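K.L.:
make a model of this:
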Amino acid sequence: ADRAKDLATDIDLARAFDRPVRIINDAALHALASYEGGRMLFVGFGTSIGAALVADDVIVPVELGLVPFTKRHKFMTRLTKEARKEYGHKRWQRSVHEAVELLQDIFWPRDTVIGGGNAKHLDPLPAGARRASNQDGILGARRLWEGTDYLAVPYGTTWRISKDGVPPATAVGPSVRRVP
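P.N.:
Reported below is the predicted structural model:
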C-alpha cells in the first residue's frame, strides 16, 4: 500500500497516461464491489491474505498477514495459497473457518464476503459468509468513478462511499493529493 502511494506521489500517473488514475488496495476494491450497506467484512484468500472493513460507509483496508493466528503461525502462514498446498485442503479450510469466525467476533459485520483465488475451494463457506468472484472487482473499479450507484472517494488512508454516486462534501482528506 505504501509503495503504491509513493509511486503515485513520485510519478504523475495521470499525466503519463493522459487519463485520471485512482489507486486502491485490492481487498478494499473487492469490498467496494461487494458492499450493499451496513457493516461489511471482506476477506480475500489467495496468494496472500487481504481484508477490508466497511463501516459507516468508510472502507478501511486491514493488513492481516502478520497477525498471529496460533502460537506458532501468522495469518499468512496458514491461510494463503501456499499454506493450502503445504498443509492440505482440509487443514487449510478448517483454518479459514477459524479465522473468519475470529474476524467476525472482532469486527461484528452484518455481512461477510469471502473472495480471492482460493475462495472457490471453500465448501462449505464459513457461517454467515457469502462468496465473491475475482470478476466482481470490475464493479469495484467502476465504483471509483462518478456515475455509479455507489461512489468511493479517497479520504486520507481510507475511502468514503456515497450511495447516490455524488462525491461527499468532505471527501478529500488531509493526506490525499487529488488527481484531476
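
K.L.:
how far off centre is the helix or strand hosting residue 153?
P.N.:
Assessed by DSSP states H and E, residue 153 sits inside strand 151-155. Relative to the mean C-alpha coordinate of its chain, strand 151-155 is positioned 14 Å out (CA atoms, centre = their mean, to the nearest Å).

K.L.:
one more: stretch 27-35?
P.N.:
Stretch 27-35 has its C-alpha centroid displaced from the chain centroid by 5 Å (CA atoms, centre = their mean).

K.L.:
what's next to that stretch, contact-wise?
P.N.:
For stretch 27-35, the external contacting residues (CB atoms under 8 Å, 6 or more residues apart in numbering) are 24, 40, 42-44, 50-54, 59-62, 111, 113, 115, 132, 136-141, 143-144, 150, 152, 159, 161. Glycine gets a C-beta too; all of them are placed from N, C-alpha and C.

K.L.:
OK, contacts around residue 113?
P.N.:
Per CB under 8 Å, 6+ apart, neighbours of residue 113: 30, 31, 34, 40, 41, 42, 43, 129, 130, 131, 132.

K.L.:
which strands border the helix or strand it falls within, and is each parallel or antiparallel?
P.N.:
Under the criterion of DSSP H and E, residue 113 resides in strand 111-115. Strand partners for strand 111-115, identified by DSSP bridges, are recorded as strand 40-45 (parallel), strand 129-131 (parallel).

K.L.:
among those strands, which comes closest to residue 167?
P.N.:
Nearest to residue 167, of all the strands paired with strand 111-115, is strand 40-45, at 20.9 Å by CB to CB.

K.L.:
just put the contacts of residue 113 in JSON lines and tack on neighbour count.
P.N.:
As requested, the contacts of residue 113 are exported to JSON lines (neighbours: other CB atoms under 10 Å):
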{"residue": "30", "neighbour count": "27"}
{"residue": "31", "neighbour count": "32"}
{"residue": "34", "neighbour count": "24"}
{"residue": "40", "neighbour count": "21"}
{"residue": "41", "neighbour count": "26"}
{"residue": "42", "neighbour count": "31"}
{"residue": "43", "neighbour count": "31"}
{"residue": "129", "neighbour count": "22"}
{"residue": "130", "neighbour count": "12"}
{"residue": "131", "neighbour count": "14"}
{"residue": "132", "neighbour count": "22"}
